[in-house]
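# Kindly return the folded structure for what I paste below:
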Amino acid sequence: MSQRLKNFPNIPGINIAGTVVPLSDSIRTLGVTLDKNLSLSKHVSAVCGSANFHIRALRHIRRALTEDMAKALAVSLVQSRLDYANSLVHGACNIKKLQTIQNSLARIVLGSQPNVSAVGRLTCLHWLPVHSRITFKIACLTYKTLATGQPTYLRVLLNQYVPSRQLRSSSQYLLEQRPVKTEFGKRSFSYMSPYIWNSLPYDVKLSQSYDTFKRRLKTHLTRC
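Here you go, the predicted model:
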């Protein structure tokens with residue numbers, strides 16, 4: 001995206017009724033900060049800043065809380081911020097920052113244990129890592145879209161894979177994978193939704209209810 005922008009002329013602002021309105025490098029909408037390159041780096045930085053504020057506050061009162069109380073506060077104050085609109089950062093290069101925040105949060109809840117790894121703490125708390133939580137969100141959205149046909153603007157992007165001849169994959173409930181040439185294009189829902197869906201086990205995709213799907217999906221991602 002940044003390379004393509006270099007080919008466009010630099011526009012300092014937009015002239016409206018004789019007044020030049022300067023362009024902004026970023027805009028905040030529905031709680032998401034979008035920058036001109038759509039890298040979402042500013043959004044991730046804002047999430048990390050807000051999360052760190054609550055982590056510091058939680059650290060000050062941790063000794064007065066039980067583990068269950070600390071976990072509940074961590075989920076409501078910090079984990080919810082990491083999960084909000086997290087599907088937008090799929091494939092972004094700064095997910096590691098969000099993972100660092102989650103690791104710090106788990107360390108506050110469980111206490112500093114030198115012999116326990118970051119992955120071990122997340123497993124103990126039954127928390128999926130950030131990347132897996134993003135996969136979980138997109139997979140759940142795909143399941144609901146296929147099951148209900150809503151929202152329409154997403155349903156039209158999902159087509160069942162129909163091979164030209166009878167193959168073993170014909171009965172695997174796959175979605176058509178559209179070819180994409182750029183890394184930026186791989187972050188689109190039309191690409192990553194079929195990509196994630198096709199990677200799921202057959203029994204997960206054939207779940208009869210949304211609750212069953214979520215339960216099987218979390219078990220699958222935990223084992224990965």
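# after the lengthiest helix in the chain comes which helix or strand?
The helix spanning the most residues in the chain, taking DSSP state H as the definition, is helix 41-61. The first helix or strand that comes after helix 41-61 along the chain, using DSSP states H and E, is helix 67-74.
# Show me what counts as buried in the very next helix or strand once past that following helix.
Going down the chain from helix 67-74, the next helix or strand is helix 80-83, by DSSP H and E. By 16 or more other CB atoms under 10 Å, the buried positions in helix 80-83 come out as 81, 82, 83. Every residue, glycine included, has its C-beta placed from N, CA and C.
# Tell me the one of those nearest residue 111?
residue 82 (20.6 Å; CB to CB).
# Who are the contact partners of the closest one?
Taking CB atoms under 8 Å, 6 or more residues apart in numbering, we find residue 82 in contact with 47, 51, 98, 101, 102, 130, 133.
# Contacts only, for the residue of the chain positioned farthest from its centre.
In the chain, the greatest distance from the average C-alpha position (CA atoms, centre = their mean) is reached by residue 18, at 42.6 Å. The contact partners of residue 18, by CB under 8 Å, 6+ apart, come to none.
# swap in residue 14?
With contact set as CB under 8 Å, 6+ apart, residue 14 has these partners: 20, 21, 23.
# still on that earlier bit, what's the angle from the longest helix of the chain to helix 67-74?
Orientation of helix 41-61 against helix 67-74 (axes from the mean of the first three to the mean of the last three CA atoms, to 10 degrees) gives an angle of 150 degrees.
# hmm, back to that, turn the buried residues of helix 80-83 into a markdown table, columns for pLDDT and distance to residue 222.
Below are the buried residues of helix 80-83 laid out as a markdown table (pLDDT from 0 to 100; distance: CB to CB, whole Å):
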| residue | pLDDT | distance to residue 222 |
| --- | --- | --- |
| 81 | 94 | 22 |
| 82 | 94 | 18 |
| 83 | 94 | 17 |
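# what about the strands in this protein?
Using DSSP state E, the strands of the chain run over 13-16, 19-22, 26-29, 32-35.
# Flag every buried residue along the last one.
What that stands for is strand 32-35. Per 16+ other CB under 10 Å, strand 32-35 contains these buried residues: 32, 33, 34.
# and that strand, what other elements does it pack with?
On a contact count with 3 or more CB pairs under 8 Å, 6 or more residues apart in numbering; DSSP states H and E, strand 32-35 meets strand 26-29, helix 41-61.
# I am finished for the moment; much appreciated.
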